[in-house]
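Visitor: Could you work out the structure for the sequence below:
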Amino acid sequence: MLDFSIFTDNLDIYLEGFKYTIIASLIALVASFLLGTLIAVMRIAPIKWLNWLGTAYVEFVRNIPVLIIAFFFYLGLPTVGIEFDGLTAGTIALTVYTAAFIAEAIRAGILSVPKGQMEAARSSGLTYNQAMGMIILPQAIKIVIPPLGNQFINLVKNSSILGVIAGLDLMYQADLVSSRTFVTFDVYIFVAMFYLILTIPLSLGVGYLEKRLAKSN
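Guide: Take a look at the predicted model:
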């Protein structure tokens, strides 16, 4: 049986962690989408060195753990005089890591748009950047909304790495509660419930969008 007194007695601590988890997730969500979109465009741009940079970023970041990236920003950069608090370092790490996966999803969406649309846009007088921003990207993003939604769910779950670097999130606060109460199982079960509060609506929303897009096609 769960000891709900642990939850009620430490509700303010849980809510504090919940707040910072939401803040980090929202900031990283927006930032990773913007960065991922930029990287995706670089990977298919008609400039070889941009292709190389985009590919190098995706292949490097996707193949290392997000925790290593967090340690780099929290513990590595201070050695050269650049310091971030745990929340900032963790949010940057989430952004950098998630952007690589979003870039691949958006790149797939761009490649699925018929090439003739770019050619038609260019022939009508639009520059490459204008055609990409006004014609191609809006269609590509619509196509890949379901996989983007899945990446956003993963981002929320990955935000638990903030607890390792004093990021003030749910896991960090749970560690504090556990050290005070000498209870582990119950404490982290309640943390899991908070994550479900965030991820279940996101999952349902992604499923709804998939059905809507299937009907529109």
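Visitor: contacting residues for residue 151?
Guide: For residue 151, the contacting residues are 32, 98, 101, 102, 105, by Cβ atoms under 8 Å, 6 or more residues apart in numbering. To be clear about C-beta, it is placed using only N, CA and C from the backbone, and glycine gets the same treatment.
Visitor: where does the first one land on pLDDT?
Guide: pLDDT, the model's per-residue confidence, is 96 for residue 32.
Visitor: begin at 17 from here
Guide: Got it, the first residue is 17 from now on, which makes the last one we talked about residue 48.
Visitor: and it, what element?
Guide: helix 27-60 (DSSP states H and E).
Visitor: tally of neighbours for residue 133?
Guide: 13 (other Cβ atoms under 10 Å).
Visitor: Would you confirm that it contacts residue 152?
Guide: Yes - between residue 133 and residue 152 a contact is recorded at 6.6 Å, counting by Cβ atoms under 8 Å.
Visitor: for the helix holding residue 48, the distance to its chain's centre please.
Guide: 5 Å (Cα atoms, centre = their mean, to the nearest Å).
Visitor: How about stretch 93-113?
Guide: 15 Å.
Visitor: Which residues does it contact?
Guide: Stretch 93-113 has contacts (Cβ under 8 Å, 6+ apart) with 36, 39-41, 43-44, 47-48, 51, 77, 82, 85-86, 88-90, 171, 174-175, 177-178, 181-185, 188.
Visitor: Any buried residues in it, and which?
Guide: Across stretch 93-113, burial judged by 16 or more other Cβ atoms under 10 Å covers 100, 102-113.
Visitor: mind listing the helices in this structure by residue range?
Guide: Listed from the start of the chain, the chain has helices (DSSP state H) covering 20-25, 27-60, 64-78, 82-87, 102-128, 131-139, 144-147, 153-159, 161-174, 186-197, 201-232.
Visitor: now, of those, which is deepest in the fold?
Guide: helix 102-128 (a mean of 22; mean count of other Cβ atoms under 10 Å).
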